[in-house]
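Novice: Kindly return the folded structure for what I paste below:
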Amino acid sequence: MTQADRETTVEAMDGERISIQSELLYGLNDRPPVGEAIFVAIQHVLASFVGIITPGLLICGALGASPEDTGIIVSMSLLASGICTFIQCRRFGPIGSGLLSLQGTSFAFLGPIIGVGTAAVAAGSTPTDALGLIFGLCFFGSAVEIILSRFLHLLQQVITPVVTGSVVMIIGLSLIRTGFFSLAGGAAAQQNETFGSTQNLALGGLVLAIVVFLTLSQNRFLRMGAIAIGLIVGYIIAIALGLVNLSALSNLPLIRLPLPLRYGLDFNFSAFVPFIFLYIITAIETVGDLTATSAVSGEPVSGATYFRRIKGGVLGDGINSAIAALLNTFPNTTFSQNNGVIQMTGVGSRYVGFYVAGIFAILGLIPIVGGIFQAIPQPVLGGATLVMFGSIAVAGLNIVASTGLDRRSAVIVAVSLALGLGVVYSPDIFADKPALIRNVFSSGISTGGMTAILLNIILPGRPKVGTKVSPELSEA
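Specialist: Residues are numbered from 1 along each chain as shown. All right, here's what the predicted structure looks like:
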């Protein structure tokens, strides 16, 4: 059933129900036609693909892993994302949010993983042994998030729309920096001194303009295809300009089958401690991501249904991270990029996630197909993702505004944004601090999120919420 101009119902802390107009073409439980669903799914894949494979590339490069091991890990990252996305969207019992929520390799673990791996290599381990240690830490650490998910309902007086809205805004505003960096050419452009060149800016700006123009179209097919069309046009122009290099495709195998525990599982308690905090932080980020997904999908962002989905999503995050470790890749978490795609296309159907999962799995099993996506130039990706990241920030603003922004709420939002984005703008501020502090506060999302939670607890005038937990919520 196609619907336009839906109402998002938000239950405020005082029990008042507030309606927010949205313009969804397909809601959470609607089933778009197969052709339309695949079309939208491809856009989700295009928006998330680079984010899924990049951590693996960076980690393998830092460890000095062989090209074969690097290729295996990149492929398994895509396969794991497919499996984990299906679990998250389908929901098996209490596992999964049941929302159109994509799973991908988490950037939050990048620094600690590289630190542990390079330390192991420096101590005499081979890159293969170091990978075994990393996957062991990731596997056992996932239990932290699994256990934490069972107690999230006790935090409903703390994790309010003001807190989650602030986190969602930080997510979007933090990602804007990444999108703009890609639009200017990315790391490769910095190396060849073409960063911010007229060619890169013009190419990225053209893709951005196409996406914006088509998003405002009255034709729903053009609206749903805005991101994909922008990327395709940009890709074709980039090929004509000689910016696409497909030579590496000839070195890739036709198919790559998974081999679980290829590198084994090792463990070291001293190296494990930062992972405990990171999984807690990841849970906070997941709450923000899923809140944004709920908001842009026209679903509640408070109340029993909301917390049931949040608990299921965080539980799915933990289980999916364990699955990822067994498949020889790094922790999986909810991706925020897909929220921008939902906002832009107007399609929030979780059934689209099934197609996304299938495409990711195919990309993981057929490296050549993935190689074609990997060759998309950074300016093209930046132009398409920049407007999506901005849409995420707007979704967070809507969450905060939905329940009214009084002076207390304004202070929480202002301080959490200031500290969260301050870390993003000045990432070296904790460079000389102990590793534990660096790991905890290296992410603007985690810094801003913890600030919002802390302020919501200690500032006077917090709205009172009944302590009774509904059976539906406590059993979720």
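
Novice: Could you tell me the end-to-end distance of stretch 238-246?
Specialist: Terminal residues of stretch 238-246 lie 12 Å apart, using Cα to Cα, to the nearest Å.

Novice: Which residues belonging to that stretch are considered buried?
Specialist: Within stretch 238-246, the residues scored as buried using 16 or more other Cβ atoms under 10 Å are A238, L243, V244. Heads up, the C-betas are built off the backbone N, CA and C, glycines and all.

Novice: Give the full set of residues in contact with V162.
Specialist: V400, T403, S409, I412, V413, A452, N456 (Cβ atoms under 8 Å, 6 or more residues apart in numbering).

Novice: same thing with S443?
Specialist: The contact partners of S443, by Cβ under 8 Å, 6+ apart, come to A108, I281, E285, V423.

Novice: How many residues are close by L152?
Specialist: 22 (other Cβ atoms under 10 Å).

Novice: what about the nearest residue to it once chain neighbours are set aside, how many neighbours?
Specialist: Distances taken as Cβ to Cβ, 6 or more residues apart in numbering put K311 closest to L152, at 4.8 Å, once the chain neighbours are dropped. K311: 24 surrounding residues under other Cβ under 10 Å.

Novice: what does the one 10 residues further on give?
Specialist: By the criterion of other Cβ under 10 Å, S321 has 31 neighbours.

Novice: what does P253 give?
Specialist: Count around P253 with other Cβ under 10 Å applied: 12.

Novice: Following element in sequence after the helix ranked longest in the chain, please.
Specialist: In the chain, taking DSSP state H as the definition, the longest helix is helix 34-63. Once helix 34-63 ends, the next helix or strand along the chain (criterion: DSSP states H and E) is helix 67-90.

Novice: helix or strand right after that next one?
Specialist: Under the assignment DSSP H and E, the closest C-terminal helix or strand after helix 67-90 is strand 103-105.

Novice: Centre of the chain to that next one, how far?
Specialist: 7 Å (Cα atoms, centre = their mean, to the nearest Å).

Novice: I'd like to know the average pLDDT value across stretch 413-422.
Specialist: Taken as a whole, stretch 413-422 carries a mean pLDDT of 93.

Novice: Now that stretch: buried residues?
Specialist: V413, V415, S416, L417, L419, G420, L421.

Novice: Quick one: mean pLDDT for stretch 272-279?
Specialist: Across stretch 272-279, pLDDT averages out at 80.

Novice: Using CSV, write down the CA coordinates of the helix or strand encompassing N339.
Specialist: For N339, the host element (DSSP H and E) is helix 337-345. These are the backbone C-alpha positions of helix 337-345, laid out as CSV (Å, rounded to 0.1, in the frame of the first residue of the first chain):
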residue,chain,number,x,y,z
GLN,A,337,23.9,6.5,5.9
ASN,A,338,20.7,4.6,5.1
ASN,A,339,18.6,7.1,7.1
GLY,A,340,19.5,9.7,4.5
VAL,A,341,18.4,7.4,1.7
ILE,A,342,15.1,6.8,3.4
GLN,A,343,14.6,10.5,3.8
MET,A,344,15.5,11.2,0.2
THR,A,345,13.6,8.3,-1.4
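
Novice: middle-most residue in the chain, spatially?
Specialist: Relative to the mean C-alpha position of the chain, the nearest C-alpha, by Cα atoms, centre = their mean, is the one of F335, at 1.7 Å.

Novice: Check what pLDDT that residue gets.
Specialist: pLDDT, F335: 86.

Novice: returning to that earlier point: and the contacts of V162, which is closest to T291?
Specialist: Of all the contacts of V162, T291 sits closest to V400, with 10.9 Å by Cβ to Cβ.

Novice: before we move on, the earlier item: would you mind listing the buried residues in the helix holding N339?
Specialist: Q337, N338, N339, G340, V341, I342, Q343, M344, T345.

Novice: Redo those as a markdown table? Include distance to S250.
Specialist: Formatted as a markdown table, the buried residues of helix 337-345 follow (distance: Cβ to Cβ, whole Å):
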| residue | distance to S250 |
| --- | --- |
| Q337 | 30 |
| N338 | 32 |
| N339 | 37 |
| G340 | 34 |
| V341 | 32 |
| I342 | 37 |
| Q343 | 39 |
| M344 | 35 |
| T345 | 35 |
